[in-house]
Every structure is written in C-alpha cells, then in structure tokens.
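Trainee: how would this look folded up:
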Amino acid sequence: MSIGTRLFTWWRGELVGTDQFGNRYFRERGGKRRWVLYAGEPEASKVPPEWHAWLHRTVEDVPAPRPSLPWAREHVPNPTGTDAAYRPPGALEHGGRRAAATGDYEAWRPD
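Mentor: Numbering: from 1, shown residues only. The predicted structure is shown next:
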C-alpha cells in the first residue's frame with residue numbers, strides 16, 4: 001500500500017467493516033468513494049461477493065458478518081501467472097507435445 005493511500009485513508013476514510021480475510025473496507029467521510037485495504041498481498045479474489053457488491057455500489061448497506069458454512073472451502077488465491085498455475089498436458093512448459101488424437105477425431109478436408 002502506498003503512502004498516499006495510507007494518508008488519504010487516515011485523513012478522509014471511515015472504517016465500515018472487515019471480512020473473514022482481515023481486509024478492511026472504508027468509505028470517504030461525506031463523499032462517495034469506497035475502497036479496501038488488503039490484509040497481506042493485494043489479491044482481488046480475496047474480496048467476498050457481498051463486499052464486492054458494496055464496493056461497486058450494487059448494494060448500499062454495509063454487509064453483515066456471514067457465518068462460516070461447513071461445506072465451504074478455504075480461499076485459495078488465483079494462481080494464474082505463477083508456478084502453481086494449471087498447465088495442461090500440451091503446454092509449452094511440458095514440452096509442447098500433446099497426446100495423440102484418439103480414434104474419435106477425424107480431420108476436416110475440403111472437397
């Protein structure tokens with residue numbers, strides 16, 4: 001987080017709530033701006049849907065705390081662009097060779 005964001009938050013921000021990831025949500029005193037200060041690395045996929053709706057003015061009311069659900073999985077950050085990203089068997093990182101086509105594929109040929 002930049003020093004400008006810290007100063008603006010201290011000077012004009014009003015804390016309205018936090019989420020289960022420790023992110024803090026602010027709105028401008030007497031203004032219309034809304035923003036989030038991330039806990040740890042800035043990762044937009046850590047913003048829960050109810051807070052996303054509030055940030056983008058889909059809803060006006062500050063979200064109430066949501067109980068944890070026994071079937072819900074723990075959040076996993078988006079791995080795109082990292083070593084943990086999914087790379088299918090034909091990807092360049094795997095040599096660029098894919099498995100031979102099975103018998104159900106027939107190439108199109110013009111007449």
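
Trainee: Quick check: mean pLDDT of stretch 50-69?
Mentor: On average, the pLDDT along stretch 50-69 is 91.

Trainee: Now do the strands for the protein: every range, in order, please.
Mentor: 13-18, 24-28, 34-37 (DSSP state E).

Trainee: now the longest one against strand 24-28, angle please.
Mentor: It stands for strand 13-18. Counting by axes from the mean of the first three to the mean of the last three Cα atoms, to 10 degrees, strand 13-18 lies at 140 degrees to strand 24-28.

Trainee: how about the helix or strand of the chain with the lowest mean pLDDT: buried residues?
Mentor: For the chain, using mean pLDDT, DSSP states H and E, the weakest element among its helices and strands is helix 3-12, scoring a mean of 87. Buried residues in helix 3-12, defined by neighbour count with 16 or more other Cβ atoms under 10 Å: Thr9. Bear in mind the C-beta positions are built from the backbone N, C-alpha and C, glycine included.

Trainee: With adjacent residues omitted, what lies nearest to the residue nearest the centre of the chain?
Mentor: Against the mean C-alpha coordinate of the chain, by Cα atoms, centre = their mean, the closest residue is Ser45 at 1.0 Å. Nearest residue to Ser45, sequence neighbours excluded (Cβ to Cβ, 6 or more residues apart in numbering): Asn78, at 4.8 Å.

Trainee: now do Gly22
Mentor: Ala39 (3.2 Å).
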